[in-house]
Structures are given as structure tokens and as C-alpha cells.
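**Student:** I would like to see how this sequence folds:
(chains A and B)
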Amino acid sequence: MSVKLPIYLDNNSTTRTDPRVVEVMLPYFTEKFGNSASRNHPFGWAAEEAVETARDQLAAAIGASGKEIIFTSGATESNNLALKGVAAMYKKKGNHLITTATEHKCVLDTSKRLERDGFSVTYLPVDKFGRVSADQIRDAMTDKTILVSVMFANNEIGTMQPVADIGKLCKEKGVLFHTDAVQAVGKVPVDVEAMGIDLLSFTAHKMYGPKGIGALYVRKKNPRVRLEPIIDGGGHERGMRSGTLPVPLIAGFGAAAEISRLAMPEESKYVYGLRERLRDGIMSQLPETYVNGHPTERLPGNANISFAYVEGEGLMMGIKDVAVSSGSACTSASLEPSYVLRALGVGDELAHSSIRFGLGRFNTVEEVDFTVDLIVREVRRLREMSPLYEMAQDGVDLKSIAWSGH
Amino acid sequence: MPYSEKILEHYNNPRNVGGFSQSDATVGTGLVGAPECGDVMRLQIKVNADTGLIEDARFKTFGCGSAIASSSLATEWLKGKTLDEALAIKNTSIVEELALPPVKVHCSVLAEDAIKAAIKNYHEKQGVTAGVEAEVAVASH
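**Tutor:** Numbers count the residues shown, from 1 in each chain, chains lettered A, B, ... in the order given. Model (predicted):
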């Protein structure tokens, strides 16, 4: 069977909207176009019904109740609302937050802003696999700590944090616990009750739903979490997030969550199988390749691999029929390699040589096999073109050279 | 943003990949960049002692496609030039020829640096720099 090019292996970045999700959305653009806040006519009622159905579907995906779901524009807004909302609401109680060095930029940059506004934030270092421990968090807590924010699974390296341990600690200490679960919901089991989570951010487009819609789970009891809104207006979403609800997107988000929840037992095995086929296919043929992140505590679909002596973006050009992402500086505007890989202690040289593969629902074995062959061929070609590879083959210690830099 | 056809062409069919023996007195080697910066270029010239012309050039590059294309192009341009003509090659010409986007201009700068370093290394081997504080090229360590 021939594969259709280009192949999409960047599912940690975004996912294709499932055609079944699109079907659910379509009527809400046309015949059911009402505003869900219109309480006095059938157009509004139809819209409201769709929103409430979706709310329940989302709640079911994370073990919550529908009333605890606040719709937002996406996970960036959810993370902003969680951190800023808690900080503003609980500032009389304390001014200290704890997070980790490998959070998504929207958590780190929000934390930086809170610091400028007088809050104090601890950024915990991670181990070589990208994990923090509940003990590290316990040690960082003070009587001023009001929030712990630790991501469920990392977007670059796929490492999953010991969320249940952290939740248990936070309960014991009476500190609120927020997790950015964008990469996890719909992929691995998430249960806000069993894991002691008080606030949880997630988004539709990482789970085969549409872009532009996200949610924040806000616990209603034990404890009842309160938030200062960052968007004021008509008092939608229990006053925490005003703005007319995008009903088609919400209906799609709900359907995507429902499909993912039901498919997860089988799908996670399937995607994991593809991931391992890819990883093993590459690593069994190419020496000096390294997996970044945790060997087992990681998302089933994520493989982040460094190819020594080959620069990541250079490799991406060679495999341009396969869409992936790289920790190389050259792929970002900053010219700095991935801060996540740096936080793991991966050297800049190997960070520049990293490729992130994100396998998903719509990938096939044929696509994986095609990718393995292409990667192996291109890495070999580029290594033959690499002065570093030649020097290493000649036994030169690359660290002994006084590089000029630039 | 898509890459220019010229970058892709050099990337897919790089010219003059390889190297010359560094112990050859007619060879000058420039090794510039650093692995932790994501770019290393090794550019070598072979100079005809009688004519003073660069008769051959080789490169190996660790870097992105634009870095590979810049060094490939540089080796093409070097062949048949005098050392003075080679020193006059500017990174801006490489930017123009390959249509490098602004974020890739540093790749052309690195190629210009590599040319200069190779010529300097050749001069040093010829003893031309006698009396000058010898900044030994990285590759000769």
C-alpha cells in the first residue's frame, strides 16, 4: 500500500479534526445558530442544549461534573485564567506559587507576569527524564503557597508527571493544585477526583477537535475553588469567563472528548504500537540516537529523539514529506535550543539534533515504515556531510576543541 | 515558510562534500561555528602554488539546510579564484544568491567566516603571517 504524502507526525502540535466531530459541529453554524444565552426562544434552547451536552461530555473525560467546566478560547487562556485567577482571588492568603521549569510558555510567561505584580514563584528543576517529585514540591512549599501548577504531560518530550502524588500532597497541605493537561486528556486516563486536581486546563484541537476552544475545570466542592475573572462582561460561565459561547466549537469539543474517551483503551495501545515501531525502527538502524524524556512514564504517541552529529532543522529539510518538529534553535525565532531539553540537562548540541514525533489516531503502520526508511537514509547522508561525525569517527573528542561560536 | 528552490537544490545535491588532508601544505582549512550553536562548517581550499589560484574546495557542515547550502555555494564560488578574490566574497552575495530569509543570514556569515579562516590557515602554513601574532585556526589544534 502506498502512502499519501506529506505525512503528518506532529500530533503534539495539533491534530486533524475528526470527520465525526465536524459532522456534529455543522448544524450549529446553520439551522441551530442560536446564542446559548438566549433563554426565551427555541434557537437559544437548541444552542444551550448543545453546550450542556458538551459540558457533560468534557466532564466525563476527566471525572468531573458538567458544572465544573468553564469554556475558554483554548489552553493558553485556561492556563492564564487558572494562575492569574487564583493569584488575584487568594492573594490575601498568600503570594507564593510553585511550578516547574518545563511548563508550556503560557504558564511560564504568566508566572513571570505574576512575579512582576508582586507574587513569588518557585520554578522547580526537573530530573534527567523531565520529572519533578511530590517531595520537591513539599520542600518548596511555604505558609504563603496558594497554588501548585504542574503539567500533566510535557508537549515536547511527552514525560508525564506524578500528578496523583502531587494532588495528594496538595490536599494534605490545603494548597490548590492546577495541571495543564492539554497533552493528556483523551490520550491517557485523567481523573480529577482520584488525582486530587483542583483546576485543569485542556483544549479541543489536541484531541481531534477544532481549534479555538478550550476549557478550564474548576473544582466546585472540597474545596470550592474561586477565581477572579480576567475577562469581564455578561457573566457567562459562572462569571469566570464572559463572552458569547462559540456553540459549534463547543459541540465539536464535546464530541471529540466523547470519541476519545470511548476509544482510549484501544487507541492508546494502537498509537503506542506505532510509536514503538518508529522508535525501534530508527534506533535499531542508527547508532548514537537518544530518546529524550522518560522511557516509560510518557505519552503513548510521543517520541523525542536526538540524532548525534546531525542538526535538527537540517534533518527536517531532508524529510520534508514528513511533518515533525525540532528542538533545534533554527526552528524557533529565538535561536536558542529547546528550554525543555536544556532543563533535562541535554547538551545544547544534542538539543539542536532533536526531532519530536507525535503519533496519533490517523497515522498508519505504512506511514511509520516510510518515515523510518526516510529518517535512516537522511541521517546517514547528513552524517557523511557532518564534520562532527567525521571527527568523532576519527576519535577526536569534540569537547576538547576550542569552538569559535558565533 | 517554504525554502527557496536554490537552497533546496544545494541541500539535495551539495557540491564538493568531503575534505583534503590537513597535512598538505597547499591546503587551507577553516573550521567555524560550534556544535552548541547548532552550526559547524569546515571549509577547505587547495591552492595551486604556481598560479596562486584556488584549484579545488571541499566542505562538511553540521547545520540547517541554509547552512549546508551556503557552504556548498561557497565551495563553488571559490574554485578558480585568487586568494584576494576569495577574500572579497561577501555574505550578502550568498544571501542574495540563495534568497536566504533574515533568520538565516547568520548561515551566510558563517560561510564568509569559513572562507576567511581557510585562507588564513593557508597563509599561516606558507609562513606569510611571520611576525604577525598567529591566531591559530581552530582546526589546527
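**Student:** need the strands for the chain, in chain order.
**Tutor:** I'll assume chain A. All strands of chain A, identified by DSSP state E, fall at A:7-8, A:69-72, A:96-100, A:120-124, A:145-149, A:176-180, A:199-203, A:214-218, A:289-291, A:302-307, A:322-323, A:325-326, A:354-358.
**Student:** Chain B, not that one
**Tutor:** According to DSSP E, the strands that chain B contains are B:27-34, B:39-47, B:54-62.
**Student:** Show me what from chain A comes close to chain B.
**Tutor:** Within reach of chain B by CB under 8 Å from any CB of the partner chain, chain A has these residues: A:309-314, A:317-318, A:328-330, A:333, A:335, A:337, A:347-349, A:352, A:384-390, A:398, A:401-406. C-beta: built from backbone N, CA, C; applies to glycine.
**Student:** Give me the buried subset of these.
**Tutor:** A:309-314, A:317-318, A:328-330, A:337, A:348-349, A:352, A:385-390, A:398, A:401, A:403-404 (16 or more other CB atoms under 10 Å in any protein chain shown).
**Student:** Correct me if wrong: residue A:238 contacts residue A:68.
**Tutor:** No: taking contacts as CB atoms under 8 Å, residue A:238 lies outside contact range of residue A:68: 9.4 Å.
**Student:** Pick out whichever of the two has more residues nearby.
**Tutor:** Applying other CB atoms under 10 Å in any protein chain shown to residue A:238 and residue A:68 shows that residue A:68 carries more neighbours, namely 22 against 15.
**Student:** Identify the contacts common to residue A:238 and residue A:68.
**Tutor:** Residues touching both residue A:238 and residue A:68 by CB atoms under 8 Å, 6 or more residues apart in numbering or on different chains: residue A:218.
**Student:** Go through the chain and flag its longest helix.
**Tutor:** Here I'm looking at chain A. If you go by DSSP state H, chain A has its longest helix at helix A:247-283.
**Student:** should've been chain B
**Tutor:** helix B:105-126.
**Student:** Report the buried residues of that helix.
**Tutor:** For helix B:105-126, burial by neighbour count (16+ other CB under 10 Å) applies to B:105-125.
**Student:** What is it packed up against?
**Tutor:** Judged by 3 or more CB pairs under 8 Å, 6 or more residues apart in numbering or on different chains; DSSP states H and E, helix B:105-126 is in contact with strand B:27-34, strand B:39-47, helix B:65-78, helix B:83-87, helix B:91-98.
**Student:** average model confidence for it?
**Tutor:** The average pLDDT within helix B:105-126 is 95.
**Student:** Dump the C-alpha coordinates for it into PDB.
**Tutor:** The C-alpha trace of helix B:105-126 is given here as PDB (Å, rounded to 0.1, in the frame of the first residue of the first chain):
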ATOM      1  CA  VAL B 105      21.600  35.400   7.400                       C
ATOM      2  CA  HIS B 106      23.900  34.000  10.100                       C
ATOM      3  CA  CYS B 107      24.500  31.000   7.900                       C
ATOM      4  CA  SER B 108      26.000  33.200   5.200                       C
ATOM      5  CA  VAL B 109      28.100  35.000   7.800                       C
ATOM      6  CA  LEU B 110      29.400  31.600   8.900                       C
ATOM      7  CA  ALA B 111      30.300  30.700   5.300                       C
ATOM      8  CA  GLU B 112      32.200  34.000   4.900                       C
ATOM      9  CA  ASP B 113      34.000  33.400   8.200                       C
ATOM     10  CA  ALA B 114      34.900  29.900   7.000                       C
ATOM     11  CA  ILE B 115      36.400  31.200   3.800                       C
ATOM     12  CA  LYS B 116      38.500  33.700   5.700                       C
ATOM     13  CA  ALA B 117      39.600  31.100   8.200                       C
ATOM     14  CA  ALA B 118      40.600  28.700   5.400                       C
ATOM     15  CA  ILE B 119      42.700  31.400   3.700                       C
ATOM     16  CA  LYS B 120      44.300  32.500   6.900                       C
ATOM     17  CA  ASN B 121      45.200  28.900   7.700                       C
ATOM     18  CA  TYR B 122      46.700  28.500   4.200                       C
ATOM     19  CA  HIS B 123      48.800  31.700   4.700                       C
ATOM     20  CA  GLU B 124      50.000  30.500   8.100                       C
ATOM     21  CA  LYS B 125      51.100  27.300   6.500                       C
ATOM     22  CA  GLN B 126      53.000  29.300   3.900                       C
END
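**Student:** which helices and strands sit right next to the longest helix of chain A?
**Tutor:** Applying 3+ CB pairs under 8 Å, 6+ apart, we find helix A:247-283 packed against helix A:19-25, helix A:42-62, strand A:289-291, strand A:302-307, helix A:365-384.
**Student:** quick check: angle from it to strand A:214-218?
**Tutor:** If you take axes from the mean of the first three to the mean of the last three CA atoms, to 10 degrees, helix A:247-283 sits at 100 degrees to strand A:214-218.
**Student:** Check the offset of helix A:247-283 from the chain's centre.
**Tutor:** Relative to its chain's centre, helix A:247-283 lies at 14 Å (CA atoms, centre = their mean, to the nearest Å).
**Student:** tell me how far the ends of stretch A:111-122 are from each other?
**Tutor:** 9 Å (CA to CA, to the nearest Å).
**Student:** what about chain B, any weak spots by pLDDT?
**Tutor:** Along chain B, segments meeting pLDDT under 70 span B:1, B:128-141.
**Student:** Up against chain A, what does it have?
**Tutor:** B:3, B:8, B:11, B:14, B:17, B:19, B:31-42, B:60-65, B:67-68, B:103, B:106, B:109-110, B:113, B:138, B:141.
**Student:** same thing but 7 Å
**Tutor:** Within reach of chain A by CB under 7 Å from any CB of the partner chain, chain B has these residues: B:3, B:11, B:14, B:17, B:31-38, B:40, B:42, B:60-65, B:68, B:103, B:106, B:110, B:138, B:141.
**Student:** Check the offset of stretch A:182-197 from the chain's centre.
**Tutor:** 12 Å.
**Student:** List the contacts of the residue in the stretch 151-300 of chain A positioned nearest to chain B.
**Tutor:** Distances between the stretch 151-300 of chain A and chain B by CB to the nearest CB are smallest at residue A:288, namely 13.3 Å. Each residue near residue A:288 by CB atoms under 7 Å, 6 or more residues apart in numbering or on different chains is listed here: residue A:308.
**Student:** Grab the nearest non-local neighbour of the residue nearest to the spatial centre of chain A.
**Tutor:** Nearest to the geometric centre of chain A sits residue A:183, at 3.4 Å (CA atoms, centre = their mean). In space, and not counting its chain neighbours, residue A:183 is closest to residue A:153: 4.3 Å by CB to CB, 6 or more residues apart in numbering or on different chains.
**Student:** okay, and for the stretch 151-300 of chain A, where does confidence drop off?
**Tutor:** For the stretch 151-300 of chain A, no range has pLDDT under 70.
**Student:** Can you report how many residues neighbour residue A:233?
**Tutor:** Residue A:233: 11 neighbours (other CB under 10 Å).
**Student:** got it, and residue B:40?
**Tutor:** When neighbours are counted by other CB under 10 Å, residue B:40 registers 30.
**Student:** Surely it touches residue B:60?
**Tutor:** No: Residue B:40 is not in contact with residue B:60 according to CB atoms under 7 Å; the separation is 8.5 Å.
**Student:** related to what we said a few turns ago, please identify the deepest-packed of the helices and strands packed on helix A:247-283.
**Tutor:** strand A:302-307 (a mean of 25; mean count of other CB atoms under 10 Å in any protein chain shown).
**Student:** Mind listing the residues bridging to the nearest residue to residue B:19 once chain neighbours are set aside?
**Tutor:** With sequence-adjacent residues excluded and distances taken as CB to CB, 6+ apart, residue B:19 is closest to residue B:58, at 5.2 Å. Residue B:58 has these beta-bridge partners by DSSP bridges: residue B:44.
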